[in-house]
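[1] Sharing a model prediction with you, sequence too.
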Amino acid sequence: MSGDERRGRDDRAQDARRDARGRQRGEARAQGRAGRTTAAPASRARAGDAARGAAYDTLRAVEGSDAYANLVLPPLLRERRIAGRDAGFATELAYGTLRLQGRYDAVLAQASSRPLDQVDRPVLDVLRLGAHQLLGMRVAPHAAVSETVGLARERVGAGAAQFVNAVLRRVAEHPLEVWLTRIADAADPGGEDAVARLAVVESHPAWVVRAMRESLVGSGRSADELGALLAADNLAPRVTLVARPGLVSVDDVAEQTGAQPAGLAPTALVMSGGDPGDVPAVRAGLAGVQDEGSQLVTLALVAAPVAGADERWLDLCAGPGGKAALLGALAAQRGARLVANEVQPHRVRLVEQALRAVPSDAVEEVRTGDGRRVGEQEPASYDRVLVDAPCTGLGALRRRPESRWRRTPADLATLSALQRELLASAIAAVRPGGVVAYVTCSPHLAETQLVVLDAVRAAARAGTAVEVLDAAPVVAQVAPAWEPVAGRQDVQLWPHVHGTDAMHLTLLRRV
Ligand SMILES: C[S@@+](CC[C@H](N)C(=O)[O-])C[C@H]1O[C@@H](n2cnc3c(N)ncnc32)[C@H](O)[C@@H]1O
């Protein structure tokens, strides 16, 4: 028996011990909880239906009203009083289905008697939810099929339910490994198109796969890492907290949460469970939920050496304020003052909220304004400037389950033009000897290295000399575990290597 066959058999044996929600059968009994459920079987089934219904409604909102899943689902769960394990099930079902939609559509295309483009969208969404339960969540197959058919009957009608039943039964005939081989072979029958294979197996648009390969190579890593990177995009990110220095200690946050040090940024902790919104330090604004990469690039800006005064800092694109809150806490420790700028008024309010626990003498102003104008309005006025530029977010695909299907290459042209203007403005706003951190949560070369190259050249043409600093020793100073990449002065983080979003950082000094 091959390893895959054995794994498949073990998985199926394990599946047989799981209930309709994918929980281990007998687990409750083992934990002494047997017999405690007072709900009648019918109402227990309704609770499962509620979670599936919430996941379905989220998918419909994402498709029908261009909504963001992570903004739709949490309020829906609160409204319908879906909590605990049911909420966890609904979240994994909705987000996992959206992330892996490309993979599941390829499977469904083979299992369906009808071409998928002739299947009504609501029915297709039900099928995708069924496929994720069968192939991504290890819900017992009979339960995944029957509960999803029930959902189809309730939401889209009896005829559609029969179709869903037939298709999902075919999906259930094979384990995931068999389907992955089949869809890869269908996408790349000649065995020559690695991008087409990875795109369908790891569920990313082909243009994103190509861009990620270029970004890996362009940032000094191997193209061989591509599969691991794409696979990491398909996993739910760990919940990371920041203990804002001077406001709360890492030890105090660890004590309140049981969270463990994340490993790179000294301010970062990883939660193993629970709701961060329940943590007293988070409620008080002393700590926050923040990706470790975001913490690291902010700490690096503050650790970069500047000659002379170090009193006035600018966050040019501050909303919703995660990095501004960390900068503000660090500014308070240094005796510096922060100006936080953001173009969208509703996001300015979020910045104010994020900064609520930062001592007021460390926050000069939170303002609404176009960052592109700051350089001409306040030339050579700041000692440190952060440009956390609006970007495609291709480095945070784990967090935004639907975004990979929404983004198009055309977004790059618009965003990279804006990024160039914002970086040019930051260079004009920093004083000679001061430092600019250019940051994106995208590793796309058109948003990172090319923007920096163009901005440095444009500044030189305008008579402003700028040097690119070697960011590696600066990052290593704040994060001793950091391993620099040979030949690169900028820093590119990766989910499959560092467990962070794929954040980019270039440090520049105005000469
Ligand atoms: C990547 S987000 C910044 C995230 C933020 N630094 C944080 O850590 O919470 C980019 C922000 O830039 C803002 N933005 C877009 N265009 C801008 C402009 N012309 N001037 C200033 N901010 C802008 C967006 O509204 C968005 O809030």
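    Nice, thanks for sending it over.
[2] can you tell me the helix or strand for residue 298?
    helix 292-303 (DSSP states H and E).
[3] Now tell me what touches that helix from outside.
    240, 242, 262-268, 322-323, 326-327, 330, 334, 384, 386, 388, 435, 437, 439, 441, 471, 474-475, 477-479, 482, 491, 493, 498-503, 505, 507 (C-beta atoms under 8 Å, 6 or more residues apart in numbering). Where you see a C-beta, it was placed from the backbone N, CA and C, and this is true even at glycine.
[4] Pull out the buried members of the residues you listed.
    240, 242, 262, 264-268, 322-323, 326-327, 330, 384, 386, 388, 435, 437, 439, 441, 471, 474-475, 478-479, 482, 491, 493, 498-503, 505, 507 (16 or more other C-beta atoms under 10 Å).
[5] What's opposite the closest residue to residue 297 other than its chain neighbours in the beta bridge?
    The shortest distance from residue 297 to any non-neighbouring residue, by C-beta to C-beta, 6 or more residues apart in numbering, is to residue 505 (4.4 Å). In this entry, residue 505 is beta-bridged to residue 439, residue 491, by DSSP bridges.
[6] For residue 492, give me its contacts.
    With C-beta under 8 Å, 6+ apart, residue 492 has these contacts: 215, 219, 220, 221, 443, 448, 485, 502, 503, 504, 505.
[7] Get me the contact residues on this protein for the ligand.
    Residues of the chain lying near the ligand by C-beta under 6 Å from any ligand atom: 294, 317-323, 341-344, 347, 370-372, 388, 390.
[8] Using ChimeraX, define a selection of the buried residues within those.
    The buried residues among those can be selected in ChimeraX (16+ other C-beta under 10 Å) with this line:
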select :294,317,318,319,320,321,322,323,341,342,343,347,371,372,388,390
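[9] Which of the residues of the chain next to the ligand fall in strands?
    Judged by DSSP state E, strands contain the following of the residues of the chain next to the ligand: 341, 342, 388.
[10] pretty sure the second one is touching residue 348, no?
    Yes. In terms of C-beta atoms under 8 Å, residue 342 counts as a neighbour of residue 348; the distance is 4.8 Å.
[11] anything in contact with each of those two?
    318, 319, 366, 367, 368.
[12] could I have the helix or strand where residue 155 lies exported to CSV, CA atoms only?
    Taking DSSP H and E as the definition, residue 155 sits inside helix 141-156. Provided in CSV are the C-alpha atoms of helix 141-156 (Å, rounded to 0.1, in the frame of the first residue of the first chain):
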residue,chain,number,x,y,z
PRO,A,141,-19.1,12.0,4.1
HIS,A,142,-22.7,10.9,4.7
ALA,A,143,-23.3,13.9,6.9
ALA,A,144,-21.6,16.4,4.6
VAL,A,145,-23.8,15.2,1.7
SER,A,146,-27.1,15.0,3.5
GLU,A,147,-26.7,18.3,5.5
THR,A,148,-25.7,20.1,2.3
VAL,A,149,-28.5,18.6,0.3
GLY,A,150,-30.8,19.8,3.1
LEU,A,151,-29.3,23.3,2.8
ALA,A,152,-29.9,23.2,-1.0
ARG,A,153,-33.5,22.1,-0.5
GLU,A,154,-34.1,24.9,2.0
ARG,A,155,-32.4,27.7,0.1
VAL,A,156,-32.6,26.8,-3.6
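[13] Now the stretch 151-300 of the chain against the ligand: closest residue?
    Here the stretch 151-300 of the chain gets closest to the ligand at one residue, residue 294, 5.7 Å apart by C-beta to the nearest ligand atom.
[14] Contact partners for residue 254?
    Contacts of residue 254 (C-beta under 8 Å, 6+ apart): 260, 261, 269.
[15] Out of those, who's the most crowded?
    When neighbours are counted by other C-beta atoms under 10 Å, residue 269 leads the contacts of residue 254 with 23 neighbours.
[16] Which parts of the protein are strands?
    Using DSSP E, strands in the chain cover 239-243, 260-261, 268-271, 287-289, 312-315, 337-342, 363-368, 382-388, 430-440, 466-468, 491-492, 504-510.
[17] Show me the shaky parts of this structure.
    For the chain, residues meeting the criterion pLDDT under 70 lie at 1-48.
[18] Domain map for it?
    Annotated domains of the chain cover 3-31+39-172, 177-233, 238-289, 291-397+408-510 [automatic domain parsing].
[19] now the first one, how far from the centre of its chain.
    Same thing as domain 3-31+39-172. 22 Å (C-alpha atoms, centre = their mean, to the nearest Å).
[20] quick one on the thing from earlier: if I pick the residue nearest to residue 297, what's in contact with it?
    Per C-beta under 8 Å, 6+ apart, neighbours of residue 505: 296, 297, 300, 437, 438, 439, 471, 475, 490, 491, 492, 493.
[21] same question, residue 131
    Residue 131 touches 97, 104, 107, 108, 168, 171, counting by C-beta under 8 Å, 6+ apart.
[22] hmm, try it at 10 Å
    By C-beta atoms under 10 Å, 6 or more residues apart in numbering, the contact set of residue 131 is 97, 100-101, 103-108, 111, 137, 144, 148, 167-168, 171-172, 176, 179.
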